[in-house]
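*Asks:* need a 3D model of the following:
(one chain, ligands or ions: 2)
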Amino acid sequence: MSLLIQTIRNTGKSHSFQKLIQAPLSSCTCLLRRKSSDVSKKFLSFDEVVSQRRDEARRSLVVQVNSESSFNELYGYCSNYASINGIHHYKNAGGEHFMLIEFSTEDNLKEILRSCGSHQKDNDIMALQSPFLWFRACSGKKEKIAPTSNTLITKNGNAAIDENLLCEELGSCSTVSDQIQLLYDKTMLNDLGIRLRYMVARQLEIVFESLYANIAVRPFGSSVNGFGKMGCDLDLVLSNNLTDEMSDPTKRLVYQEKKSEGGRGPWQRHMELVGELLELRIVGATRVQRILHARVPIVKYAHEFTNIDCDLCYNNMSGVHMSELLWMYGSLDPRVRPLTFLVRRWAAAVGLTNQHPGRWITNFPLTLMVLFFLQQKTNDGFILPSFKNLVNRAGKEDIRIAEENVNCTFLRDMNKLPLECYSQNQSNLETLLLQFFEYYAQFDFQEKAISIIEGHPVRKPNALPLYIVNPLEPALNVSRNVSFEECERFKLEVRNAAWQLEAGLEGEKSDDWGVLGLIEKRASRNLKKLLRVGNSHRLVSVKDLFNDNEENISEEGLRSKLQRLTQTRHENVEKSVKEMKQMIATQNATEKKDQKIKFKNSQVANEVFRIRRNKMV
Ligand code: GTP
Ligand code: MG
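*Replies:* Ligands and ions are numbered 1, 2, ... in the order given. From the prediction side, this is the model:
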């Protein structure tokens, strides 16, 4: 726990310390696993955390079961073969139950895999190497299994957060800083979410290992950079895993290699092959989509056992080093991640970001904007060092050269960074959030670029509306896709947010007090205001509008009920009726899409062979 204690001492934030102490142990796993020889270390490196997680995945299996009450039987069965560290339970979107089992050693896992049965003797099914299994009901006489004193580490660990409950809890916080911290604590990707993402990577690695030597599949992006929320997408990169030892010139026998000449073409073909393998050899992978003509060719797929949407690319190590950089900035000061979460959530609520690609800003450049703001030298001092500072302090052990000779060398060990290089400012999260909005409300987007390399605004090299320098490839703008209109909207929204936050702090607490007004979707906020009964804070529940047996309320019915319940002005009711109809239509469309996906997906039909629901324990 030395990391926590020292960081908190630096910033004088006993509040965060208490929260962290109370946080589930699972979220501190990496801190608890520190080696005894490392006690004097304040920060773990990204490589240390990643190798712990990869190692954990090599020792883990995901088993589909009938329900969480299968725990005792599964534990008893597996512990006959191998020693178990712990079991986590979760459900996927289809309501199917799974348990992630972590064994003590990789040999334990191999032992249990040797004991696995194959499905059955069908000719049209090929057995797959995979860490995803299912637990068959006992055939014949049921063996008596003694109850274990062990319990599930996590129950329903993948459950989506209840937004209404979250808003209620945020509403009862006593300060805006507490709200920001709570939002982070409640919505960040939890330990099970991280484990499952490494399992999905491991599953691919097992298949690719049979085709390529020294191959690795690594998660990058928000799943590992410390800015991921529950349910975030998984970015994966397939790359060589060459160590210095392998390129040792004294080794006389060397693999013959097949060179990939001809620019992007061969990589696209590799990715085509990957797409085929995903469809044929990766159990649980569905909706495979090949996007091969992008700058970085990718294959997208959905992993239905874990509910994770994945983007797999080839040889994009600069993306991994970028994730490492963001992770390091996030771990330098305990305010960085909560503030970034809030900004990302606000941007989604006001529609600045969007899950589809387009002419708008995305979470990655938005995160760089937060880091850049925290580098500013205000009267109170700065919080984060410039990237230049990290590059200047790099040693021989920090040299990393990614594809296309991109130099990704920067200081990796934050323990070597002098104390005066970070956390100089003691402001609380509320002040920082307000300052963030104010900073960008007056930023000269027309003339200046945002550069975390320098830590201060620099002259824009071209006339693109928004210029955010890529720290690893300074000639590139990571927000080159952002249109003039979207940049203008950003400016407008930061001004609105600053005004709203400031105004909301005065007077009595209302439903959109503090950050609530910033993070709730506009449509639902308007609706909430409208549904308020008279001047009271009690809301008309949407349930009040529908009878239990009324599936499709007519527009007229909705209108008259709203009028009766709220006694609001005519035009407000009209607006609200429109918004509600839209909400209902979107919900129906999503439900229909989900149904369609299930039917369209040929793999699901094949899975019927594999899963005999009634036969599962
Ligand atoms: P969400 O997926 O929205 O949660 O955020 P994310 O951080 O994962 O962003 P995204 O999926 O768009 O990108 C994944 C990762 O790729 C980022 O975190 C960066 O590490 C990296 N990345 C994204 N865009 C660029 C870019 O223009 N250049 C480089 N070098 N890396 C990038
Ligand atoms: Mg991502």
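*Asks:* from now on I want contacts and neighbour counts done on CA atoms only, so please keep to that.
*Replies:* Fine.
*Asks:* quick one, grab the pLDDT at the closest residue to ligand 1 within the stretch 501-617 of the chain.
*Replies:* Nearest residue of the stretch 501-617 of the chain to ligand 1 (Cα to the nearest ligand atom) works out as Ile519 at 16.2 Å. Note on Ile519: pLDDT of 92.
*Asks:* burial of it, as a residue count?
*Replies:* 21 (other Cα atoms under 10 Å).
*Asks:* name all residues that make contact with it.
*Replies:* By Cα atoms under 8 Å, 6 or more residues apart in numbering, the contact set of Ile519 is 342, 345-346, 348-350.
*Asks:* need the nearest residue in space to it, chain neighbours excluded.
*Replies:* When the adjacent residues along the chain are set aside, Ile519 lies closest to Trp346, with 4.7 Å between them (Cα to Cα, 6 or more residues apart in numbering).
*Asks:* before we move on, what about Arg344?
*Replies:* Nearest residue to Arg344, sequence neighbours excluded (Cα to Cα, 6+ apart): Asn363, at 6.4 Å.
*Asks:* in this structure the one you found contacts Thr353, no?
*Replies:* Yes. Proximity of Asn363 to Thr353 meets the contact threshold set by Cα atoms under 8 Å, at 7.0 Å.
*Asks:* helix, strand, or coil at Arg290?
*Replies:* Three-state call for Arg290 (DSSP: H, G, I helix; E, B strand; the rest coil): strand.
*Asks:* next up, the contacts around it.
*Replies:* 271-272, 275, 298-300.
*Asks:* that one pairs with what?
*Replies:* Val299 (DSSP bridges).
*Asks:* and the closest residue to ligand 1 within the stretch 401-550 of the chain, what is it in contact with?
*Replies:* Closest approach between the stretch 401-550 of the chain and ligand 1, counting by Cα to the nearest ligand atom: Val478, at 4.4 Å. Val478 sits next to 365, 467-470 when contact means Cα under 8 Å, 6+ apart.
*Asks:* just the ones of those residues in helices?
*Replies:* Among the contacts of Val478, DSSP state H puts Pro365 in helices.
*Asks:* quick one, domains of this protein?
*Replies:* Domain assignment for the chain by automatic domain parsing gives 1-31, 335-528, 555-616.
*Asks:* quick check: mean pLDDT across the shortest one?
*Replies:* In other words, domain 1-31. On average, domain 1-31 scores 38.
*Asks:* equivalent analysis for stretch 230-246, please.
*Replies:* 87.
*Asks:* can you list the residues that contact it?
*Replies:* For stretch 230-246, the external contacting residues (Cα under 8 Å, 6+ apart) are 158, 160, 187-190, 193, 197, 201, 214-223, 307-317, 320.
*Asks:* do that stretch and ligand 1 meet at all?
*Replies:* Yes. Part of stretch 230-246 sits near ligand 1 under the criterion Cα under 6 Å from any ligand atom, namely 232-233.
*Asks:* switch to numbering from 23
*Replies:* With the count now opening at 23, the last piece we talked about shows up as stretch 252-268.
*Asks:* gap between that stretch and the chain center?
*Replies:* 16 Å (Cα atoms, centre = their mean, to the nearest Å).
*Asks:* low-scoring stretches of the stretch 423-572 of the chain, by residue?
*Replies:* Counting by pLDDT under 70, the stretch 423-572 of the chain has low-confidence residues at 529, 543-572.
*Asks:* could you redo the last one with a cut-off of 90?
*Replies:* By pLDDT under 90, the low-scoring segments of the stretch 423-572 of the chain are 425-426, 524-535, 542-572.
*Asks:* which of the contacts of stretch 252-268 count as buried?
*Replies:* For those, a burial check counting by 16 or more other Cα atoms under 10 Å picks out 180, 209-212, 215, 219, 223, 237-245, 329-339, 342.
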